[in-house]
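In: pasting the structure only:
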Ligand SMILES: O=P(O)(O)OC[C@H]1O[C@H](OP(=O)(O)OP(=O)(O)O)[C@H](O)[C@@H]1O
Ligand SMILES: NC(=O)CC[C@H](N)C(=O)O
Ligand SMILES: [Mg+2]
């Protein structure tokens with residue numbers, strides 16, 4: 001999960017791209033970058049770090065131009081190095097810069113084809129660099145001095161035919177416009193918006209609608225699975241379906257954790273979906289524990305707050321803020337190493353002892369992935385004097401790797417993998433543990449849009465909508481374990 005944004009404007013866009021990246025920051029905290037088109041020049045600045053640290057005044061001044069794209073990164077392939085920060089650039093053909101959210105599961109095969117057959121050079125281990133070069137190759141074979149929208153759509157169709165996985169892409173094609181497209185299953189999100197100016201309409205595409213909102217763009221619609229949107233530098237808008245129809249399966253984890261609650265994805269309010277998750281979880285708790293003795297419902301800030309609030313209302317139990325979060329520390333789950341994650345939970349969350357003393361508390365989190373947060377939080381609640389600590393997850397047990405852009409590839413690192421709920425309860429040290437059922441999670445999201453019948457639920461169900469080779473999963477485990485990442489960092 002990375003954040004991506006692209007704007008074709010009537011005036012300078014760098015400031016707006018920067019602002020958009022700051023509200024997409026929750027999607028990736030490792031690196032950030034912006035590329036703009038300044039006449040025939042591409043301006044690019046990117047580095048490791050948070051958006052506010054990557055761009056200084058001088059960097060912003062050189063990012064001139066009326067069109068540009070931005071990216072904030074949370075790696076799922078390759079290393080965390082600056083060379084793999086995005087946007088990535090190739091000079092031929094035409095000059096292309098590309099920002100990608102997702103993960104390409106046949107990147108190794110494509111990499112071999114790129115080098116051996118297409119005679120392209122790849123300089124990093126990034127799957128996004130492979131995707132960029134596939135796109136470049138598909139544009140090259142259009143064999144045109146001047147491209148029409150038709151040629152661009154054909155090239156995107158060529159990308160869909162070759163790439164497998166989850167991808168939302170926003171690219172700058174010099175001389176033409178912004179080319180944005182989504183994988184044929186629509187796993188990763190992308191939304192299109194427009195804004196009126198005295199000089200005409202401006203268009204933008206982004207991972208989440210919140211980026212459009214803060215810039216004053218109207219949300220028009222999501223880019224359809226397999227669709228390509230071309231925002232011409234001349235202000236034109238062209239769209240075309242570029243892939244054969246496949247099962248639409250948006251990633252359900254966007255609604256659980258990844259997206260901001262104030263975003264709309266697939267016409268479903270993330271906030272309302274989380275409220276419904278809480279209500280359905282309350283119904284399960286009432287079923288399993290009709291005579292419960294819960295004194296207070298306490299959310300694990302931030303993401304779980306929404307589900308915990310509706311859960312408390314539905315159960316008729318007071319909702320109390322028992323933990324205070326230090327907002328100057330980033331999201332724990334997307335931190336690169338386990339020791340960093342463990343340390344930051346304790347530094348990030350502090351208990352208000354009064355809320356725990358002699359009480360039976362139900363702690364609510366949106367999900368339990370590695371168990372890093374829940375284990376420590378349960379202990380903190382006990383240390384603060386709780387009589388009993390129950391724990392509820394507003395998502396089902398995460399038991400399988402995600403291969404579409406969320407970095408949880410190693411089954412051994414998932415606390416629920418190969419374990420029963422009772423075993424997880426005892427590892428976490430809770431007096432009782434309850435998870436939302438998958439059918440309820442699906443229902444909570446689908447209730448917002450009756451057209452949505454399928455989702456990518458792979459991390460809960462082990463079912464992969466694109467199909468996935470067992471060898472890919474084992475290679476991924478090997479390449480992306482915390483140990484492997486640590487070794488890579490020591491080498492680079
Ligand atoms: O089981 P774990 O491996 O600990 O992962 C799950 C936790 O990580 C996330 O919180 P995070 O701190 O990333 O961000 P948040 O403030 O948005 O909740 C998520 O909301 C859970 O609290
Ligand atoms: N989380 C993402 O979307 C990552 C994008 C890409 N796979 C990378 O590692 O840079
Ligand atoms: Mg959390």
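Out: That came through fine. No experiment lies behind these values; they were computed from the predicted model shown. Ligands and ions are numbered 1, 2, ... in the order given.
In: and the strand or helix carrying residue 192, which strands flank it?
Out: Per DSSP states H and E: residue 192 is located in strand 191-197. Sheet pairing of strand 191-197 (DSSP bridges) gives strand 200-206 (antiparallel), strand 218-222 (antiparallel).
In: Please identify the most buried of those.
Out: Ranked by average neighbour count under the criterion mean count of other Cβ atoms under 10 Å, those are headed by strand 200-206 at a mean of 23. Just so you know, the C-beta spots here come from the backbone N, C-alpha and C atoms, and that holds for glycine as well.
In: Contacts for it next, please.
Out: 3-10, 20, 24, 170, 178, 180, 190-196, 211-212, 215, 217, 223, 229, 231, 235, 237 (Cβ atoms under 8 Å, 6 or more residues apart in numbering).
In: Let's see which of the residues you listed end up in helices.
Out: 20, 211, 212, 215 (DSSP state H).
In: The first one and residue 215 touch, don't they?
Out: Yes: contact between residue 20 and residue 215 holds when scored by Cβ atoms under 8 Å: they sit 6.1 Å apart.
In: higher neighbour count, these two?
Out: residue 20 (31 against 22; other Cβ atoms under 10 Å).
In: Please report how far the more buried one lies from residue 70.
Out: Separation of residue 20 from residue 70 (Cβ to Cβ, to the nearest Å): 6 Å.
In: overlap in contacts of those two?
Out: Counting by Cβ under 8 Å, 6+ apart, the common neighbours of residue 20 and residue 70 are residue 5.
In: Excluding chain neighbours, what is closest to residue 424?
Out: Spatial nearest neighbour of residue 424, excluding adjacent residues (Cβ to Cβ, 6 or more residues apart in numbering): residue 416 at 5.2 Å.
In: Am I right that that neighbour falls within a helix?
Out: No: Residue 416: not assigned to a helix; according to DSSP: H, G, I helix; E, B strand; the rest coil it is coil.
In: tally of neighbours for it?
Out: Residue 416 has 23 neighbours, counted by other Cβ under 10 Å.
In: Check the contact lists of residue 20 and residue 215 and give me the overlap.
Out: Counting by Cβ under 8 Å, 6+ apart, the common neighbours of residue 20 and residue 215 are 7, 204.
In: sec struct for residue 59, please.
Out: Here residue 59 takes the helix state, with states given by three-state DSSP.
In: What separation is there between the residue lying closest to it once chain neighbours are set aside and residue 466?
Out: Once flanking residues are discounted, residue 59 sits nearest to residue 45: 4.6 Å by Cβ to Cβ, 6+ apart. Distance of residue 45 to residue 466, computed by Cβ to Cβ: 34 Å.
In: Stretch 76-88: end-to-end distance?
Out: End-to-end distance of stretch 76-88 (Cα to Cα, to the nearest Å): 15 Å.
In: Now it: buried residues?
Out: Going by neighbour count (16 or more other Cβ atoms under 10 Å), the buried part of stretch 76-88 is 76, 77, 78, 79, 80, 81, 84, 85, 86, 87, 88.
In: from the chain's centre, how far out does that stretch sit?
Out: What separates the centre of stretch 76-88 from the centre of its chain is 16 Å, taken as Cα atoms, centre = their mean, to the nearest Å.
In: Likewise for stretch 371-388?
Out: In terms of Cα atoms, centre = their mean, the centre of stretch 371-388 is set 28 Å apart from its chain centre.
In: Next, the buried residues of it.
Out: Going by neighbour count (16+ other Cβ under 10 Å), the buried part of stretch 371-388 is 371-378, 380-382, 384, 386, 388.
In: from those residues, which ones fall inside strands?
Out: Among the buried residues of stretch 371-388, the members found in strands (DSSP state E) are residue 388.
In: which stretches of the stretch 301-450 of the chain form strands?
Out: Assigned by DSSP state E, counting those that start in this stretch, the strands in the stretch 301-450 of the chain fall at 323-325, 349-351, 360-365, 388-393, 432-435.
In: Can you list the strands that the first one pairs with?
Out: Sheet neighbours of strand 323-325, with direction, are listed as strand 349-351 (antiparallel) (DSSP bridges).
In: Contacts for the partner strand, please.
Out: Contacts for strand 349-351 (Cβ under 8 Å, 6+ apart): 300-301, 322-326, 373, 377, 380-381, 383-384.
In: residues contacting residue 15?
Out: By Cβ under 8 Å, 6+ apart, the contact list for residue 15 reads residue 60.
In: Look up how far residue 77 lies from it.
Out: 31 Å.
In: what does the stretch 301-450 of the chain have sitting close to ligand 2?
Out: With Cβ under 6 Å from any ligand atom as the criterion, the stretch 301-450 of the chain meets ligand 2 at residues residue 405.
In: Near ligand 1, which residues of the stretch 301-450 of the chain are found?
Out: 301-304, 331-333, 365-374.
In: repeat that for 5 Å
Out: Counting by Cβ under 5 Å from any ligand atom, the positions of the stretch 301-450 of the chain adjacent to ligand 1 are 302-303, 331-333, 365-366, 368-373.
In: would TSV of those residues with pLDDT be doable?
Out: Shown next, in TSV, are these (pLDDT from 0 to 100):
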residue	pLDDT
302	94
303	96
331	72
332	68
333	67
365	98
366	98
368	97
369	95
370	93
371	94
372	89
373	89
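In: and the residue in the stretch 151-300 of the chain that ligand 2 sits nearest to, helix, strand or coil?
Out: Minimum separation of the stretch 151-300 of the chain from ligand 2 (Cβ to the nearest ligand atom) falls at residue 188, amounting to 7.1 Å. With three-state DSSP as the basis, residue 188 sits in coil.
In: Identify the residues contacting it.
Out: Shown in contact with residue 188 (Cβ under 8 Å, 6+ apart): 1, 101, 102, 166, 167, 168, 182, 207, 251, 404, 405.
In: Can you tell me which of those residues are buried?
Out: For the contacts of residue 188, buried by 16+ other Cβ under 10 Å: 1, 101, 102, 166, 167, 168, 182, 207, 251, 404, 405.
In: Can I take it that the fifth one is in a strand?
Out: Yes: the assignment for residue 167, made by three-state DSSP, places it in a strand.
In: Not including adjacent chain positions, what is the nearest residue to it?
Out: Nearest non-adjacent residue to residue 167 (Cβ to Cβ, 6+ apart): residue 102, at 3.8 Å.
In: likewise the fourth one?
Out: Sequence neighbours aside, residue 404 is the residue nearest to residue 166 in space, at 3.0 Å (criterion: Cβ to Cβ, 6+ apart).
In: wait, what's in contact with the one you found?
Out: Counting by Cβ under 8 Å, 6+ apart, residue 404 touches 102, 103, 105, 165, 166, 187, 188, 251, 456, 458, 466.
In: tell me the pLDDT at the fourth one?
Out: With respect to pLDDT, residue 165 scores 97.
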